[in-house]
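**Student:** Curious how this folds, go ahead:
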Amino acid sequence: MVHSLDAPIAEQLALYAEDLGGVTRMTAVSPYYDLRAEGLNALAALLEIDEAHLHAHRAGTVRGQGSNAWPFEGGKRWKAIDAADAFGQDDRPLHAKSIELVCRKGRLVLSGSANVTHAGLFGRNVEAGVLRVQRGSKNYWVTAPATAPARLPADEQDENDAVASAVGVLGASLEGETITGRTLAPRLSGSANAVLRTPRGSHMLGSVLISDDGHFEVDAPRIEFESWENGRLILGLEQDGRRWEGFVSIAAALELIRRTGSIAPRLMAMLAGTETPTDVAAILAWFREDPSRMPASLGIGGGGSTGGPNESEGAVTLADLKAAGLGAQSFSGASDGEATSAWRHSMALIRAVFRQSRGPWGGGGETDDDDDEDEKDREKRARSEEAANHRSLQLFDELLTAMLAPEAEGRNALMALSLSHFLADRIRPAPGKVQLWLDKVLAHVVALDGPESDIAIASILLHHAADRRDDNAIRARRYFLRRGIDPASLSVTPDVIPAFMDLLGSGVDLDSFLGEVLTARTMGEQIDAYLAAGDGRGPHVGYDSLRSSPHWPNLERALRDPSSYAKLTVLDSFRPSCPRCHIRLPLAAGEDLRLRGLSTCCGRILINRDC
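**Tutor:** Predicted coordinates for the structure are as follows:
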């Protein structure tokens, strides 16, 4: 471990290199250099070398304030190469810092925070890194010729020159699609331009109005999920050539850490899309331990707390940070037992992950890591993942029972459906297991007004279409009508349930099946049409299934004979007993009344309109 608290990083490198007989080749990987190569020149002189190889990353480098991707005015002593084996085969912008020194008696490899700049290697920056001392090693980075990066208009300022124009400090927090914060030192007010930098690029957020005490709020749509994937967010404000910068904390991440403890890294891995089978099993176990932890709604409250003004223009104090709303407990005045807006939002994000389709782990093929594993390691990893998947399926069966308990009154059904698809998408269990999940979950769906409504519509249609019974379209239509949903108002998107379609939907065309549902008529609808015709309120059409019923001769007579029609006993809902004699109907007769809408008792036809 080396650091710059006691001595410059470069001087420590020189001492180790001298111990290994001196440097014969230097290869540097860095996103930032001095414009005029002050750091490179000083390091080369210290190591007594005439030139150095610099990695020119094919995907470019992460940009920084007052930084340059190359020593553009540093002369011709620097050879552009591609260190492909170590850093080249990646399409992300370079932010790694590493220096390889090939010595006469081995090699040194430094990896850490220090850029190849004078500030990083010799100057004012506090830097730390790991120095690998490989005595007698003959393994070196393999390099190939490359082209130095093109100079951009931003590459006009030297890091050492940038010190003169000090950058102000701000604190900010992202909650949902809003960044709230405060300029800390020096204080800023009025209008400023906001830009948000992530490791993958910059987002212009437009103009922001800053209050007299330094507080501001700016919209940042679609940034939150990118922040989980890419990590660091830096907000910059610019006004009249001056600049303020600060890291943006993610309110949901802080709240997850505060409330969930050891499970937080697994939840954040799921949010970032890097979860493993072991992560998912652990999260399901955490939910099963206390089902009330499941995200129950997407309701998201207001923003963080704001403190009073602090007029100090000097050092940034802890009080300043608290006033800026950056403390882990500052997102609302709620106690731990209450649901803060940040907590509700973090759970909403977890729920949103359940609705994402990410495909099975590994994508059905080998990963890049497989090249570094021997057969035994691969088998061990496969067994571990298989065990975790098996555990996840067991835990979900238990969790599903809790989520669909009668006291829940169907509130968790849509979320259970999206979680079912998430697991089906990731694990790809047996189709029978997935069909069983749908049998349980869909029976508890009471409305299609949640964020998973598109998943629910597609799943309901698939569930009925896949059984291929003659009356499947009628039963699907009945399902929607009983929940007050007009099938004519629906549209279906099979793409939202790719795993269900792969496992259960072979040969099923959901658009075509929805068309069948629209033209089908439930027995309840046909009974209503028949009663309308009998009352003279409608035409004698629309009840074809009744015409094929064994009760049709009596029903047809009732249409012509008012006295026979008056003897029909019409029920608004199913009853297991005859409304005249109050004797329980035989099992078969009761099932006919419940499912087919028709039965007989006391010499009369019983008609159930709710079927």
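
**Student:** and the gap between Met523 and Arg478?
**Tutor:** With distances taken as CB to CB, to the nearest Å, Met523 is found 8 Å from Arg478. For every residue, glycine as well, the C-beta is placed using N, CA and C.

**Student:** Find the residues that touch each one of these two.
**Tutor:** By the contact definition CB atoms under 8 Å, 6 or more residues apart in numbering, Met523 and Arg478 are jointly contacted by Cys611.

**Student:** right, and the helix or strand after the worst-scoring helix or strand of the chain on mean pLDDT?
**Tutor:** Counting by mean pLDDT, DSSP states H and E, the chain has its least confident helix or strand at helix 318-323, which shows a mean of 43. Following helix 318-323 in sequence order, the next helix or strand is helix 341-354 (DSSP states H and E).

**Student:** List the buried residues of that next one.
**Tutor:** Applying a neighbour-count criterion of 16 or more other CB atoms under 10 Å, one finds 341-354 buried in helix 341-354.

**Student:** Make TSV out of those and add pLDDT and distance to Gln239.
**Tutor:** Formatted as TSV, these follow (pLDDT from 0 to 100; distance: CB to CB, whole Å):
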residue	pLDDT	distance to Gln239
Ser341	74	30
Ala342	75	29
Trp343	78	35
Arg344	78	34
His345	78	30
Ser346	81	33
Met347	82	37
Ala348	82	34
Leu349	83	33
Ile350	87	38
Arg351	87	39
Ala352	87	36
Val353	88	38
Phe354	90	42
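
**Student:** Just the closest of these to Leu170, please.
**Tutor:** For these, the minimum distance to Leu170 (CB to CB) is 19.8 Å, reached by Ala342.

**Student:** Determine how far the top helix by length along the chain lies from the middle of the whole chain.
**Tutor:** In the chain, with assignment by DSSP state H, the single longest helix is helix 375-403. For helix 375-403, the separation from the chain centroid amounts to 21 Å (computed by CA atoms, centre = their mean, to the nearest Å).

**Student:** repeat for stretch 436-450
**Tutor:** Worked out by CA atoms, centre = their mean, stretch 436-450 lies 23 Å from the chain centre.

**Student:** Also stretch 264-273?
**Tutor:** Relative to its parent chain, stretch 264-273 has a centroid offset of 8 Å by CA atoms, centre = their mean.

**Student:** Break the chain into its domains for me.
**Tutor:** 2-160, 166-354, 377-519, 523-608 (automatic domain parsing).

**Student:** Would you single out the least confident of the ones you listed?
**Tutor:** Sorting those by mean pLDDT places domain 166-354 lowest, at a mean of 74.

**Student:** Grab the nearest non-local neighbour of Arg351.
**Tutor:** Pro295 (4.0 Å; CB to CB, 6 or more residues apart in numbering).

**Student:** how near is the one you found to Trp343?
**Tutor:** 10 Å.

**Student:** Can you point out the buried residues in stretch 513-521?
**Tutor:** 513-514, 516-517, 520-521.

**Student:** and what of stretch 465-475?
**Tutor:** Residues 465-466, 471-475 are the ones in stretch 465-475 that count as buried (16+ other CB under 10 Å).

**Student:** any chance of the residues you listed in JSON lines, with distance to Pro360 too?
**Tutor:** As requested, those are exported to JSON lines (distance: CB to CB, whole Å):
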{"residue": "Ala465", "distance to Pro360": "24"}
{"residue": "Ala466", "distance to Pro360": "21"}
{"residue": "Asp471", "distance to Pro360": "34"}
{"residue": "Asn472", "distance to Pro360": "29"}
{"residue": "Ala473", "distance to Pro360": "32"}
{"residue": "Ile474", "distance to Pro360": "35"}
{"residue": "Arg475", "distance to Pro360": "31"}
